[in-house]
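Peer 1: please find the sequence and the predicted model below.
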Amino acid sequence: MVRFGVFTDVHYAKGIEYGDRVCDVSLLKLRNIVNDFNGRNLDFCVCLGDIINSVQDFDIDKTNIGKVAEEFRKFGMPSHIVLGNHDIEAMSKSEFHTFFGKPFTGTYYSFVHESSRFILLDANHTTEGMDFCRGNYGWKDANINKEQLRWFEETMKDSKEENVIVFIHQDLDRRVYDGGEDPHLVNNYREVVDILERHGRRTVIFQGHWHAGNYQVINGIRYINLKALCVGNDASYIPRAVVTIDSDISVEYLE
């Protein structure tokens, strides 16, 4: 059996509030998630990206990331972070990772726990395949680059695990928004989904980015958008999920 926690879109930034985002309070919400997850005997936890709300200033963003990293160090279990577009508005991907004291081995990878394969993807690439870096991108131009697609295909082909759990910041389930495809989608999401569908595993995709949250089942794949942590000023409101994989995959939504 595997049990893990997942949450998304912390968007921490000291003194920033706009729309429904209260970015300052997000640090308290993250602290509450740490305390909650530490009391649940979990194997690991995953944040689905946008841990900060960038102010496009390297030094300020660095300070805000440092505050978040301080909370992450309190998790009593391994923690994983999917890269979000806001995280790299003022820095490179490798710079972002150094603040968490971990060696930079890449922004997408997979690991196996029990009989399940866990895959973290990075859609922070332009249509031309370039890394999002220091604001040199448009948030609607999110793509899984060709090298990563090849790696993903090989990973799915070579793995024998019954369950495949995918973590990604941007979204992979087709949605219509204002008469067209939702701009929160990965531009080449069809290529990613085609790989998953062809290999026919029991699959759940956890994604962030769309703050309102969403749930769909398409061709047997469950797409779960978690609600954003940054919404509202109530520190006790901490949208998250605890997932148990045993004979089935059960998802407990908590707020």
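Peer 2: Happy to help now that I have it. As the structure is a prediction and not an experimental result, all values here were calculated from the model. Numbers count the residues shown, from 1 in each chain.
Peer 1: now the strands for the stretch 1-150 of the chain?
Peer 2: 2-7, 17-18, 21-22, 44-47, 79-81, 109-113, 116-120 (DSSP state E, counting those that start in this stretch).
Peer 1: phi, psi for Val242 please.
Peer 2: The phi/psi pair for Val242 (degrees, to the nearest 10) reads phi -120, psi 120.
Peer 1: ok, it to Ile249 distance?
Peer 2: 12 Å (Cβ to Cβ, to the nearest Å). C-beta: built from backbone N, CA, C; applies to glycine.
Peer 1: over to Tyr18?
Peer 2: 36 Å.
Peer 1: of these two, which one has the most company?
Peer 2: Per other Cβ atoms under 10 Å, whichever of Tyr18 and Ile249 has more neighbours is Ile249, with 16 against 9.
Peer 1: ok, that one touching Val243?
Peer 2: Yes - assessed by Cβ atoms under 8 Å, Ile249 is found in contact with Val243 at 6.8 Å.
Peer 1: what residues are shared contacts of those two?
Peer 2: Counting by Cβ atoms under 8 Å, 6 or more residues apart in numbering, the shared contacts of Ile249 and Val243 are 165, 204.
Peer 1: quick one, grab the pLDDT at Arg175.
Peer 2: Looking at Arg175, its pLDDT stands at 84.
Peer 1: from Thr155, how far out is the closest residue to it other than its chain neighbours?
Peer 2: Among residues not flanking Arg175 along the chain, Asp182 sits closest, at 4.1 Å (Cβ to Cβ, 6 or more residues apart in numbering). Per Cβ to Cβ, Asp182 is found 27 Å from Thr155.
Peer 1: now swap in Ile205 and tell me
Peer 2: With Cβ to Cβ as the criterion, Ile205 and Thr155 are 15 Å apart.
Peer 1: quick one, which of those two is more surrounded?
Peer 2: Ile205 (24 against 17).
Peer 1: packing partners of the helix or strand harbouring that one?
Peer 2: Here Ile205 sits within strand 202-207, counting by DSSP states H and E. Counting contacts by 3 or more Cβ pairs under 8 Å, 6 or more residues apart in numbering; DSSP states H and E, strand 202-207 packs against strand 163-168, strand 221-225, strand 249-254.
Peer 1: so what are the sheet partners of that strand and their directions?
Peer 2: strand 163-168 (parallel), strand 221-225 (parallel) (DSSP bridges).
Peer 1: check the gap between Trp151 and Ile218 for me.
Peer 2: Note on Trp151: its distance to Ile218, by Cβ to Cβ, is 23 Å.
Peer 1: same question for Glu128.
Peer 2: 28 Å.
Peer 1: what bridges to Val243?
Peer 2: Phe4, Val251.
Peer 1: what about it, how many residues nearby?
Peer 2: If you count neighbours by other Cβ under 10 Å, Val243 ends up with 20.
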